[in-house]
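S.K.: need the 3D shape of this:
(one chain, ligands or ions: 4)
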Amino acid sequence: MAASSSAAPVLLRILSASVSVVNRAGRIIKDVMRKGDLGIIDKGIDDLQTEADRSVQHCIVTSLSRQFPKISIIGEEELDSEGKVLDEWIVTSLDSDVLAKKCPENLASIPEEKVVVWVDPLDGTSEYTQGLLDHVTVLVGIAVNGKAIGGVIHQPYYNYQRTRENYHVEKDVYKQGRTLWGMNGIGVFGIEKKAPCEGKRIITTTRSHSNKNVNLTIDAMKPDEVLRVGGAGHKVLLLIEGRAHAYVFASKGCKKWDTCAPEALLHILGGKLTDMHGNSLEYHKDIQYLNSGGVLATYDAAVHEWYRERVPEEVKKTLPP
Ligand SMILES: Nc1ncnc2c1ncn2[C@@H]1O[C@H](COP(=O)(O)O)[C@@H](O)[C@H]1OP(=O)(O)O
Ligand SMILES: [Mg+2]
Ligand SMILES: [Mg+2]
Ligand SMILES: [Mg+2]
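M.R.: Ligands and ions are numbered 1, 2, ... in the order given. Okay, the predicted model is just below:
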């Protein structure tokens with residue numbers, strides 16, 4: 001594998017390394033939970049950090065920067081660079097399924113220096129601390145020229161309730177955890193896209209960062225059902241799997257590391273993610289981290305406009321892009 005992997009375009013190698021490292025990240029998240037002491041630090045209003053957020057960020061950032069020293073990596077957590085990084089957290093293997101794909105021509109010649117990687121080591125921290133474990137994802141988004149072009153979403157506890165209830169069933173029937181990955185021009189792997197039900201409108205939104213404007217906006221869209229769940233990654237998974245039609249978050253709070261990987265995969269699958277005004281999000285390394293215009297995403301790009309038109313003017317005024 002060594003010869004072929006070193007010959008592969010750098011973007012494909014970055015994606016391949018990201019797929020490898022998120023599996024290690026998922027094990028760290030489970031180890032911290034099993035130990036029981038989450039080491040919670042309060043970063044601000046409704047903004048927690050746990051031992052898992054810290055350790056996973058060290059794991060992903062150190063693993064990727066050792067292999068790709070010239071890429072820009074921006075992670076959610078502000079950590080002491082002298083902090084403890086265990087050798088066992090460093091993963092430098094490349095996923096062979098990713099390497100086997102053909103990188104599209106327009107991306108094959110992108111040099112390392114032009115790549116920005118956005119890392120959310122643990123998305124859905126609030127839900128993690130409350131035991132809503134399948135809301136948790138690990139997000140690695142890849143951007144080139146300010147656009148989200150690929151990424152990885154790892155959901156470490158996918159199926160965990162089924163594995164618990166069906167412990168007597170063969171282990172592999174309900175495998176716990178999954179990894180989705182994709183890149184423009186290659187596709188998305190690790191998930192099957194399903195269309196949501198017709199004749200009903202299901203909106204998914206925040207469960208831990210709600211406010212008056214979030215609710216006003218959802219009401220204006222007259223949903224039949226509202227799914228209040230944690231995590232930006234998790235909510236985009238609900239769109240991809242046809243469990244919701246739209247993800248509506250008419251508030252500030254989500255950052256670029258929350259949206260980069262989910263946006264990339266959703267777009268490849270025909271969906272659309274923008275701010276509440278319909279502006280596309282930018283991922284240059286010097287961009288402001290906050291998605292100040294909120295987040296509006298739909299399972300299909302064709303229905304996005306319908307939701308955008310219904311965002312109340314008074315709410316839009318509070319969300320300058
Ligand atoms: N007000 C906020 N402060 C900090 N993080 C936020 C805030 N709003 C949203 N987020 C981040 O966006 C994700 C999606 O938001 P929500 O779950 O509320 O829909 C959250 O899990 C959190 O990411 P993280 O858990 O990685 O800190
Ligand atoms: Mg956080
Ligand atoms: Mg997050
Ligand atoms: Mg996070």
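S.K.: near ligand 3, which residues of the stretch 1-150 of the chain show up?
M.R.: 120, 123 (C-beta under 5 Å from the ion). Every residue, glycine included, has its C-beta placed from N, CA and C.
S.K.: what about the residue in the stretch 1-150 of the chain that ligand 3 sits nearest to, neighbour count?
M.R.: At 3.5 Å from ligand 3, residue 123 is the closest residue in the stretch 1-150 of the chain, using C-beta to the ion. By the criterion of other C-beta atoms under 10 Å, residue 123 has 28 neighbours.
S.K.: what does residue 30 give?
M.R.: 18.
S.K.: my read: it touches residue 156, true?
M.R.: Yes: using C-beta atoms under 8 Å, residue 30 is in contact with residue 156, at 6.1 Å.
S.K.: helix, strand, or coil at residue 243?
M.R.: What DSSP: H, G, I helix; E, B strand; the rest coil gives for residue 243 is coil.
S.K.: thinking again about what came up before, list the contacts for the residue of the stretch 1-150 of the chain closest to ligand 3?
M.R.: Each residue near residue 123 by C-beta atoms under 8 Å, 6 or more residues apart in numbering is listed here: 136-139, 231-234, 258.
S.K.: residue 91 touches residue 18, doesn't it?
M.R.: No: Residue 91 lies out of contact with residue 18 (C-beta under 8 Å); the separation is 9.9 Å.
S.K.: for the stretch 151-300 of the chain, what lies in contact range of ligand 1?
M.R.: 206, 208-209, 230-232, 249, 253-254, 258 (C-beta under 6 Å from any ligand atom).
S.K.: give me the ChimeraX select line for those residues, limited to the buried ones.
M.R.: Selection command for ChimeraX covering only the buried members of these, criterion 16 or more other C-beta atoms under 10 Å:
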select :206,208,209,230,231,232,249,253,254,258
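S.K.: so residue 72 touches residue 114, yeah?
M.R.: No: if you go by C-beta under 8 Å, residue 72 and residue 114 don't touch, sitting 9.1 Å apart.
S.K.: next one, pLDDT for residue 52 please.
M.R.: At residue 52, the pLDDT value in this model is 98.
S.K.: stretch 258-275 and ligand 4 in contact?
M.R.: No: remark: stretch 258-275 sits outside contact range of ligand 4, by C-beta under 5 Å from the ion, the gap being at least 7.3 Å.
S.K.: that stretch: which residues count as buried?
M.R.: Under the neighbour-count criterion of 16+ other C-beta under 10 Å, stretch 258-275 has 258-269, 271-275 buried.
S.K.: pLDDT of that stretch, averaged?
M.R.: 99.
S.K.: for stretch 85-96, same thing?
M.R.: For stretch 85-96, the per-residue pLDDT averages 96.
S.K.: quick one: low-confidence parts of the stretch 101-250 of the chain?
M.R.: Low-confidence segments of the stretch 101-250 of the chain, defined by pLDDT under 70: 163-173.
S.K.: can you show me the helices along it?
M.R.: Counting by DSSP state H, counting those that start in this stretch, the stretch 101-250 of the chain has helices at residues 105-108, 125-129, 160-165, 212-220, 232-240.
S.K.: quick one, which of the ones you listed is nearest to residue 50?
M.R.: Nearest to residue 50 among the helices of the stretch 101-250 of the chain is helix 125-129; the distance by C-beta to C-beta comes to 6.2 Å.
S.K.: would the closest one count as contacting ligand 1?
M.R.: Yes: using C-beta under 6 Å from any ligand atom, helix 125-129 reaches ligand 1 at residue 125.
S.K.: that helix packs against which elements?
M.R.: strand 47-49 (3 or more C-beta pairs under 8 Å, 6 or more residues apart in numbering; DSSP states H and E).
S.K.: now check the strand it packs on, is it near ligand 4?
M.R.: No: among the residues of strand 47-49, none lie within reach of ligand 4 under C-beta under 5 Å from the ion; the closest is 8.0 Å away.
S.K.: packing partners of that strand?
M.R.: strand 41-44, helix 125-129.
S.K.: most tightly packed of those?
M.R.: helix 125-129 (a mean of 21; mean count of other C-beta atoms under 10 Å).
S.K.: run through the strands of the stretch 51-200 of the chain in chain order.
M.R.: Secondary structure of the stretch 51-200 of the chain (DSSP state E, counting those that start in this stretch): strands located at 72-75, 115-123, 137-144, 147-155, 178-183, 187-189.
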